[in-house]
Each structure stands twice: as C-alpha cells, then as structure tokens.
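>>> Give me a model of this one.
(one chain, ligands or ions: 1)
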Amino acid sequence: MGFIDAHTHIVFKDTVTNGLFKLMSGELWRVPVEKLLVTPRDVVSMLDDANIDYVGVMAFPLRKIVGDVTEEYTIKVINAVRDYADRFAIIGGVEVNELSIDEVKYWLNKQYESGISAIKIHPVHHWVKPNAYRPEEQNLKQLELIYQFAEDHRLPVYIHTGTSIAPKARNKYGDPIFIDDVSVDFPRLTIIMAHMGRPIWMSTAFQLVRIRPNIYADLSSIPPKKMLEYVPRLAEISDKAIYGSDYPGPGVYDIKANLQEFLKIPIPNDSIKKIVDDNPRKILKPLSRNR
Ligand SMILES: [Zn+2]
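Prediction:
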C-alpha cells in the first residue's frame with residue numbers, strides 16, 4: 001500500500017472557471033497557468049509515479065476570492081473524477097454568509113449525494129470565524145448546520161488556519177483559537193485543522209491538537225524541509241497529524257518531490273508512516289468508499 005496526500009488544490013482543465021483561470025494566471029504562481037491545469041488521467045499517472053494511493057482535492061466555493069467558484073463547482077469536480085473513484089477524495093463546502101439556511105441544506109445534501117469525502121471551511125477566504133454560530137459571536141445558523149450535518153454524516157471538516165496571500169483574504173479569521181469552540185460544541189466531529197496556523201499561530205494550533213481529542217493537524221503548506229523548525233515536537237502529535245502537499249499551490253509544483261522531502265524528516269519511521277498513511281486513511285475516504 002502507498003501513501004495518501006490529504007490536501008491538494010488540483011484544478012482540472014475541464015472544470016476550471018474563468019475566475020480560477022485568472023487567479024492562477026496571476027503573479028502568485030511563477031509557472032504558466034497551462035502547466036498548472038491537468039486532467040484526472042494526468043493526476044493518476046503522477047500518483048502512480050509517487051506511490052500515492054489517493055489525493056484529497058479541495059473543491060469548495062470561493063466567491064469572494066475568484067467570483068465564479070460556487071457550490072456547483074464541487075459537483076462538477078466529483079463528476080470529472082468518477083472514473084478514478086479510488087484515487088480521489090473531493091472536499092466540498094458551502095459559503096455560509098452567502099446562502100440562506102435552506103440553500104445551505106440543499107447544497108450540503110446535494111454534495112453529499114454526489115460523494116464528497118469532507119467539507120472545507122475557509123475562514124480567511126469566506127470571511128467568517130469558525131465559531132460564528134455561537135450566540136455571543138454572530139449566531140450564524142448556516143454555520144451550525146454544516147457542523148451538525150458533518151457530525152451526522154460522519155464527514156470530517158477541514159478548517160483553514162493561518163494567513164493567506166490571496167488577494168481579498170482577511171487574515172484576522174486565520175487564528176486557530178476559534179476552533180476550540182467547535183471542538184467543544186461538536187465532540188463527535190472530526191476537525192482537520194489545516195496548516196497548523198502557519199506561520200503566526202503555530203503554538204496555539206499545536207496546543208489545540210494536544211488537548212482536544214477531535215482536532216487533527218493537517219501539515220500541508222509547511223515546507224517539509226522546514227517542518228521541524230515550525231513544528232519541533234511533530235513526533236509527539238504523530239497520532240493526530242496528516243500529510244498534505246498543497247500542490248499546486250504557489251511553490252509546490254511536484255507532488256512526488258514534496259512527498260519525498262517529507263519522508264526524509266528526521267523523526268521515527270513509525271511516526272512518519274502514521275502521518276502519510278495510517279491517519280489519513282482512517283480520516284479521509286476516497287470517492288469509491290463513500291457509500
Ligand atoms: Zn490548501
């Protein structure tokens with residue numbers, strides 16, 4: 001059995017929107033957009049070459065950042081990879097402050113029936129605090145619905161933490177401390193805290209992973225060569241950490257090379273195996289094993 005890459009931003013030629021194309025043509029990336037866009041078949045070849053069993057692909061709405069990526073995008077991406085259902089896990093989502101309660105219910109059900117493997121909440125790109133459902137915050141029922149739905153349907157929820165360099169990102173929402181409320185209010189929910197609050201809230205993120213049984217650390221976007229600088233006590237949380245490359249995010253252009261670098265991190269071998277194999281396999285199921 002191979003490895004699992006639980007966090008990528010793979011964009012397919014057939015499902016790219018105008019807004020996404022424009023963003024990926026911009027100066028955040030240093031390679032031509034044509035090189036960033038792939039087919040599902042291309043990805044399967046890359047995975048075979050890298051000994052990766054399956055990848056998690058982020059396909060959640062991003063109205064505020066790119067305009068035309070909505071809840072429908074998730075469905076299109078799932079349909080694009082259906083022929084390779086054992087190689088992809090598609091991560092959907094709904095934009096809670098753009099939709100009514102009924103619309104949120106509609107899209108969660110529709111995405112679930114299509115086969116999402118997880119739900120993503122991106123506080124920094126959606127401009128929402130992860131705990132905005134709380135009465136002392138915004139009382140945002142749409143957000144509460146997501147967590148309830150995910151708990152009831154056993155879907156893990158990824159929550160982005162840390163800063164983003166995307167235009168229109170609001171980094172104040174990137175503080176992982178707001179996830180503490182979610183872990184307390186939804187104890188049966190599996191929370192995947194993406195990026196460990198990189199780079200300014202890493203100690204908060206580390207402590208939450210240690211003390212909250214349902215918060216897992218997604219290590220994506222932290223360069224493997226610098227991993228132990230950022231997370232010196234990585235081995236201590238190896239039962240609760242999962243690997244992700246963030247490919248093809250700015251700076252990560254080779255899914256295999258990133259994994260190879262990760263495998264070289266000087267912590268015990270069994271800790272590495274848990275992070276790139278056992279833990280993600282338990283938490284994130286590919287499209288084929290959803291039902
Ligand atoms: Zn990401």
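>>> Was I right to think residue 29 contacts residue 252?
No. Residue 29 lies out of contact with residue 252 (Cβ atoms under 8 Å); the separation is 10.3 Å. All C-beta spots, glycine's among them, are computed from the backbone N, C-alpha and C.
>>> low-scoring stretches of this protein, by residue?
Applying pLDDT under 70 to the predicted model, the residue ranges of the chain that meet it are 290-291.
>>> Show me the helices in it, by range?
Using DSSP state H, the helices of the chain run over residues 18-25, 33-36, 40-50, 63-66, 71-81, 101-114, 123-126, 141-152, 179-185, 202-211, 227-230, 255-263, 269-273, 279-283.
>>> Please identify the deepest-packed of those helices.
Mean neighbour count (mean count of other Cβ atoms under 10 Å) peaks for helix 123-126 among these, with a mean of 24.
>>> Dump stretch 4-19 to PDB, restricted to CA.
What follows is the C-alpha trace of stretch 4-19 in PDB, where atoms were taken according to Å, rounded to 0.1, in the frame of the first residue of the first chain:
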ATOM      1  CA  ILE A   4      -2.000   9.500   1.000                       C
ATOM      2  CA  ASP A   5      -1.800  13.200   0.200                       C
ATOM      3  CA  ALA A   6      -4.800  14.600   2.000                       C
ATOM      4  CA  HIS A   7      -4.700  18.300   0.900                       C
ATOM      5  CA  THR A   8      -4.200  19.500  -2.700                       C
ATOM      6  CA  HIS A   9      -5.600  22.200  -4.900                       C
ATOM      7  CA  ILE A  10      -5.600  20.300  -8.100                       C
ATOM      8  CA  VAL A  11      -7.600  22.100 -10.900                       C
ATOM      9  CA  PHE A  12      -8.700  20.200 -13.900                       C
ATOM     10  CA  LYS A  13      -8.700  21.600 -17.500                       C
ATOM     11  CA  ASP A  14     -12.300  20.700 -17.900                       C
ATOM     12  CA  THR A  15     -13.700  22.200 -14.700                       C
ATOM     13  CA  VAL A  16     -11.600  25.400 -14.300                       C
ATOM     14  CA  THR A  17     -13.700  28.500 -14.200                       C
ATOM     15  CA  ASN A  18     -12.800  31.900 -15.700                       C
ATOM     16  CA  GLY A  19     -12.200  33.300 -12.200                       C
END
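>>> quick one: buried residues of that stretch?
4, 5, 6, 7, 8, 9, 10, 11, 12, 15, 16, 17 (16 or more other Cβ atoms under 10 Å).
>>> closest to residue 154 among those residues?
Using Cβ to Cβ, the shortest approach to residue 154 within the buried residues of stretch 4-19 belongs to residue 6, at 16.3 Å.
>>> what about the closest residue to residue 277 other than its chain neighbours, neighbour count?
Taking Cβ to Cβ, 6 or more residues apart in numbering as the measure, residue 277 lies nearest to residue 3, with 5.8 Å between them; neighbours along the chain are not counted. Taking other Cβ atoms under 10 Å as the criterion, the count of residues near residue 3 is 23.
>>> contacting residues for residue 3?
Residues counted as contacts of residue 3 (Cβ atoms under 8 Å, 6 or more residues apart in numbering) are 50, 51, 52, 53, 243, 259, 276, 277.
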